[in-house]
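# Here is my input; please provide its structure:
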Amino acid sequence: MMGMKDFRARGTRAYAPLWTFLVAVGCASSSGKEAESANERQAATTPEEIEALFAREKDLPEARTAKAPDGAWTAQIPSAGNVGVKAGEGHAETEFSLGTETNTHCVFYKEAIDAGQTIGIVLDGLRKKAKLERIAPYKVAVAQGIPIVFLEGRYSVQAEGGKQAGSLKLAVTPRLVAPALCFLDEPGYKETFASAVTQLLKSITTEETMPEPAYAEIWSSSIDGVPYGYQWMQMLDEGGGKRTTVTLGASFLPAGPGELSITDDVEVLKSDASGVLEGEYYMTDGGEVAYELSTKRSGKSKYEVTGKVQGKDFKSDFDAPKLPDDVATYRLLRQSYKKNGTLKVTEFVPALDPSAPAQVTYAIDAKARTVTIKLGDLSLLATLTEDGMISQVSTKMGEREVKQEIAHRAGKY
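Just a heads-up that it's a prediction; the model follows:
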């Protein structure tokens with residue numbers, strides 16, 4: 001099982017190939033259809049005509065088989081014509097037509113990627129060619145038990161006859177084998193693009209396989225119903241009562257006109273019945289490393305933390321009678337959810353405090369099947385399924401509602 005450093009190192013190497021095709025972003029067309037696309041955009045001059053461009057959708061064409069040049073993966077790709085596949089350094093790029101004026105591209109990497117940083121690099125490239133007016137995620141989907149985030153960026157460019165508006169659709173999926181970044185540069189077709197990429201990723205098969213998790217879940221995050229990210233947790237049963245949980249998360253929060261606040265986080269924990277034995281935590285914010293930490297049980301109820309916070313060396317020690325991972329907390333709730341009561345748990349949340357664990361309380365309302373979770377000044381309301389599994393967590397931030405909902409669950413913990 002890969003640790004946090006493997007994810008980080010593999011992801012960093014995977015970024016470089018993006019620059020080899022970023023020249024296409026903002027003007028991506030093929031088969032001599034640039035003029036057709038430009039004419040259609042130039043013809044839309046009134047607000048109603050422009051909005052009609054951005055609202056366009058269409059049915060998907062039939063799928064065609066495509067393979068990586070080295071045979072690493074095979075996929076069924078919806079395309080109105082032949083699918084182009086070419087090899088690059090550390091990646092393979094596909095180009096195909098959804099019947100739109102410009103073609104859709106997908107890049108499949110040979111190494112793992114950080115979803116947030118990958119999107120950040122693409123947007124930096126776009127800003128060099130156009131003015132990014134707004135950018136936001138619009139969908140979180142699941143294919144083969146792996147999350148996909150879809151974003152749309154509205155931009156403007158100076159062209160003959162005046163300023164023109166454009167739309168770049170992006171999709172990124174942090175698959176551990178053949179992770180992918182896809183894009184379509186054309187107004188409209190948001191749902192068409194999302195359906196095509198989801199269909200493609202549901203069909204993909206790979207030569208390399210990864211260990212099958214005993215349990216996995218994906219949470220979709222939203223503010224006032226608008227998605228902004230995901231959290232993906234996998235649990236591997238190591239035998240002998242030991243397990244490894246790997247959690248990957250990414251968030252894309254609009255932070256002003258044409259700006260996104262992007263974070264990536266990775267957490268790898270090794271645990272047994274006594275609690276967490278060791279853990280690795282890694283988080284980037286805006287492309288900068290916020291923290292890179294390791295924890296290790298150093299004695300009975302004692303832990304040591306080492307690493308870096310904001311680029312500076314960091315070390316701390318703390319006492320914790322039993323430090324649970326998510327699976328241990330889930331099991332505790334399922335044992336207790338049929339009766340009213342309050343559970344108190346010590347959890348290590350480095351994003352809140354890297355030096356010491358936090359005290360978390362879970363107040364169960366058995367009749368309502370809800371749990372009020374309190375962590376410092378933060379209060380969250382969780383809803384439970386009939387068998388005591390958390391299915392939704394929400395909180396209020398002023399007038400806005402922040403919510404996490406289960407998008408996928410498989411296996412047992």
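# List the residues that contact Leu380.
Shown in contact with Leu380 (CB atoms under 8 Å, 6 or more residues apart in numbering): Thr372, Ile373, Lys374, Val393, Ser394, Thr395. Where C-beta positions appear, they are placed from N, C-alpha and C, glycine not excepted.
# Mind checking what secondary structure Asp387 has?
coil (DSSP: H, G, I helix; E, B strand; the rest coil).
# Could I get the pLDDT score of it?
Listed pLDDT for Asp387 reads 93.
# Give me the below-cutoff pLDDT ranges for this structure.
Within the chain, the segments meeting pLDDT under 70 span 1-45.
# Let's check: the centremost residue of it is which one?
Taking CA atoms, centre = their mean, the centroid of the chain lies closest to Ala250, which sits 4.4 Å from it.
# Surely it touches Ile148?
No. With contact defined as CB atoms under 8 Å, Ala250 does not count as touching Ile148 (11.1 Å).
# Trp73: neighbour count?
20 (other CB atoms under 10 Å).
# Name the SS class of Lys202, please.
Applying three-state DSSP: Lys202 is helix.
# For it, list the residues it contacts.
Contacts of Lys202 (CB under 8 Å, 6+ apart): Ala143, Gln144.
# and the gap between it and Arg175?
12 Å (CB to CB, to the nearest Å).
# what do these two both touch?
Gln144.
# follow-up on the earlier one: now for the contacts of Leu380: which two are most distant?
Spanning the widest gap among those are Lys374 and Ser394, at 14.0 Å by CB to CB.
# all strands in the stretch 201-350 of the chain, in order from the N-terminus.
For the stretch 201-350 of the chain, applying DSSP state E, counting those that start in this stretch gives strands covering 205-206, 215-223, 226-239, 242-254, 260-272, 275-285, 288-299, 302-309, 312-319, 341-347.
# Could you work out which of the ones you listed reaches nearest to Val197?
Comparing the strands of the stretch 201-350 of the chain under CB to CB, the one sitting nearest is strand 226-239, at 15.0 Å.
# now that closest one and strand 260-272, what's the angle there?
20 degrees (axes from the mean of the first three to the mean of the last three CA atoms, to 10 degrees).
# can you pull the buried residues of strand 226-239?
Residues of strand 226-239 classed as buried: Pro227, Tyr228, Gly229, Tyr230, Gln231, Trp232, Met233, Gln234, Met235, Leu236, Asp237 (neighbour count, 16 or more other CB atoms under 10 Å).
# secondary structure class for the residue lying closest to Gly99 once chain neighbours are set aside?
Among residues not flanking Gly99 along the chain, Ala80 sits closest, at 4.5 Å (CB to CB, 6 or more residues apart in numbering). Three-state call for Ala80 (three-state DSSP): coil.
# Identify the residues contacting Ala80.
Ala80 neighbours (CB under 8 Å, 6+ apart): Pro61, Ser97, Leu98, Gly99.
# so what's Ile79 up against?
For residue 79 the amino acid is Ser, not Ile. Pro61, Ala63, Arg64, Phe96, Ser97, Leu98.
# How about Thr295?
Val276, Glu278, Gly279, Glu280, Tyr281, Tyr303, Glu304, Val305, Phe348.
# with the residues you listed in mind, which one is nearest to Thr206?
Glu280 (25.7 Å).
# hey, what's the closest one bridged with?
Val268, Ser294 (DSSP bridges).
# Show me this structure divided up by domain.
4-206, 323-406 (automatic domain parsing).
# Export those domains as CSV, with columns for distance to Asp317.
Compiled in CSV, these are given as follows (distance: least, CB to CB, whole Å):
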stretch, distance to Asp317
domain 4-206, 21
domain 323-406, 9
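# quick one on the thing from earlier: now for the buried residues of strand 226-239: which two are most distant?
Using CB to CB for every pair in the buried residues of strand 226-239, the one that comes out farthest apart is Tyr228 and Asp237, at 31.9 Å.
# and the residue in the chain sticking out farthest from the centre, how far is that from Leu53?
Relative to the centre of the chain, and counting by CA atoms, centre = their mean, the farthest-placed residue is Gly161 at 39.0 Å. Gly161 sits 16 Å away from Leu53, going by CB to CB.
# so Asp192 touches Ala55, yeah?
One thing to correct before we go on: residue 192 is Thr, not Asp. No. Thr192 is beyond contact range of Ala55, at 11.4 Å (criterion: CB under 8 Å).
# Neighbour count for the two, which is higher?
Thr192 (21 against 11).
# Buried ones in the strand or helix carrying the more buried one, by neighbour count?
In the assignment (DSSP states H and E), Thr192 maps to helix 190-203. By 16+ other CB under 10 Å, the buried positions in helix 190-203 come out as Lys190, Thr192, Phe193, Ala194, Ser195, Ala196, Val197, Thr198, Gln199, Leu200, Leu201, Ser203.
# Can you show me the helices along the protein?
4-15, 34-43, 47-54, 115-127, 190-203, 326-336 (DSSP state H).
# For the longest one, what is the distance to the chain centroid?
Right, helix 190-203. Relative to its parent chain, helix 190-203 has a centroid offset of 16 Å by CA atoms, centre = their mean, to the nearest Å.
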